[in-house]
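Peer 1: quick one, what's the 3D model for this:
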Amino acid sequence: MTLTIALSIVLALLFVATGAGKLFGAKASLEARDHFRMNPALWRTIGALEWAGAAGLVVGLVTWEGVAHAATVGLGLLMVGATITRLRYDSKPSGVVLDLVLLGLLITLLFLDR
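Peer 2: Model (predicted):
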């Protein structure tokens with residue numbers, strides 16, 4: 001249970017940070033958006049979904065665990081999309097690895113005993 005809490009909080013903080021960059025137009029985030037040739041509205045939507053997923057991870061810790069499961073699956077799907085996007089646009093291998101590590105952590109969280 002402690003691992004579930006710790007992993008949920010760490011992942012929530014990571015997705016809040018990456019979502020904030022997309023929502024508030026951080027320079028590095030805008031450069032990534034342009035590199036991936038992504039529509040600004042879609043980029044902000046992804047940021048909002050990252051925040052929603054992060055909130056779901058935290059809410060799922062204190063209320064109904066189904067919320068956490070749904071958030072974990074949703075964030076996992078976002079990471080699958082991120083990985084595909086990076087591969088499509090010949091991004092740095094380190095970015096692909098990071099996306100896959102986050103996906104692996106989300107899958108681990110999904111199957112941890114709650």
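
Peer 1: only C-alpha atoms for contact and neighbour calcs from this point on.
Peer 2: Will do.

Peer 1: show me where this structure has its strands.
Peer 2: With strands called from DSSP state E, the chain shows none.

Peer 1: and the helices in it?
Peer 2: For the chain, applying DSSP state H gives helices covering 2-24, 27-35, 40-62, 65-88, 93-111.

Peer 1: can you list these in CSV and add mean pLDDT and mean neighbour count?
Peer 2: Formatted as CSV, the helices of the chain follow (pLDDT from 0 to 100; neighbours: other C-alpha atoms under 10 Å):
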stretch, mean pLDDT, mean neighbour count
helix 2-24, 96, 18
helix 27-35, 93, 14
helix 40-62, 96, 20
helix 65-88, 95, 18
helix 93-111, 94, 16
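
Peer 1: so who does the nearest residue to L30 once chain neighbours are set aside touch?
Peer 2: Of all residues not flanking L30 in the chain, K22 sits nearest, at 7.3 Å (C-alpha to C-alpha, 6 or more residues apart in numbering). By C-alpha atoms under 8 Å, 6 or more residues apart in numbering, the contact set of K22 is 29-30, 43-44, 46-47.

Peer 1: now the residues you listed in CSV, please, with extra columns for distance to D90.
Peer 2: Conversion of those to CSV gives the following (distance: C-alpha to C-alpha, whole Å):
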residue, distance to D90
S29, 17
L30, 17
W43, 19
R44, 22
I46, 20
G47, 22
